[in-house]
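S.K.: Here's my sequence, what's the structure:
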Amino acid sequence: MNGRIWSWIIAVPRFLYNFIVGDDWTVAVAVLAGLIVTGILNANHIVAWWLMPIIAIVATGVSIERNYVQSPRQPSSHGGSHST
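M.R.: Residues are numbered from 1 along each chain as shown. From the prediction side, this is the model:
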């Protein structure tokens, strides 16, 4: 029983880290920064609902571009004509 509890204690933070941070930690940092800035703006009575969608779109685009540049698309070996 004690081992089962420890496995949950280890598994839950590991899952949350992989779910939130995933493959690109910079997107998680951008979203966290956006949430902080949005909270500060809202606390000062400045409407900032528009900020998070912009940050999410830009961070996703930057992440996709960076991953595409790092590993350019390789030609498919299963496309085209087949000889029999």
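S.K.: For Trp49, give me phi and psi.
M.R.: Trp49 adopts backbone torsions of phi -60, psi -30, taken as degrees, to the nearest 10.
S.K.: Where does the closest residue to it other than its chain neighbours fall, secondary structure wise?
M.R.: Among residues not flanking Trp49 along the chain, Thr38 sits closest, at 7.8 Å (CB to CB, 6 or more residues apart in numbering). Bear in mind the C-beta positions are built from the backbone N, C-alpha and C, glycine included. According to DSSP states H and E, Thr38 maps onto helix 25-43.
S.K.: next one: Asn67
M.R.: Going by DSSP H and E, Asn67 is in helix 51-70.
S.K.: just Ile9 next, same as before
M.R.: Ile9 is located in helix 2-20, with elements delineated by DSSP H and E.
S.K.: I'd like the mean pLDDT over that helix, please.
M.R.: For helix 2-20, mean pLDDT is 86.
S.K.: who's in contact with it?
M.R.: Counting contacts by CB atoms under 8 Å, 6 or more residues apart in numbering, the residues outside helix 2-20 that touch it are Ala28.
S.K.: In PDB, could you pull the C-alpha coordinates for it?
M.R.: Taking C-alpha atoms only, helix 2-20 is exported to PDB below (Å, rounded to 0.1, in the frame of the first residue of the first chain):
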ATOM      1  CA  ASN A   2       2.800   2.400   0.900                       C
ATOM      2  CA  GLY A   3       4.500   1.800  -2.500                       C
ATOM      3  CA  ARG A   4       1.300   2.600  -4.300                       C
ATOM      4  CA  ILE A   5       1.100   6.000  -2.600                       C
ATOM      5  CA  TRP A   6       4.700   6.800  -3.400                       C
ATOM      6  CA  SER A   7       4.200   5.900  -7.000                       C
ATOM      7  CA  TRP A   8       1.300   8.400  -7.200                       C
ATOM      8  CA  ILE A   9       3.400  11.100  -5.500                       C
ATOM      9  CA  ILE A  10       6.100  10.600  -8.100                       C
ATOM     10  CA  ALA A  11       3.700  10.100 -11.100                       C
ATOM     11  CA  VAL A  12       1.500  13.100 -10.700                       C
ATOM     12  CA  PRO A  13       4.200  15.800 -10.800                       C
ATOM     13  CA  ARG A  14       5.900  14.000 -13.600                       C
ATOM     14  CA  PHE A  15       2.700  14.000 -15.600                       C
ATOM     15  CA  LEU A  16       2.000  17.600 -14.900                       C
ATOM     16  CA  TYR A  17       5.500  18.600 -15.900                       C
ATOM     17  CA  ASN A  18       5.300  16.700 -19.200                       C
ATOM     18  CA  PHE A  19       1.700  18.000 -19.800                       C
ATOM     19  CA  ILE A  20       2.500  21.700 -19.100                       C
END
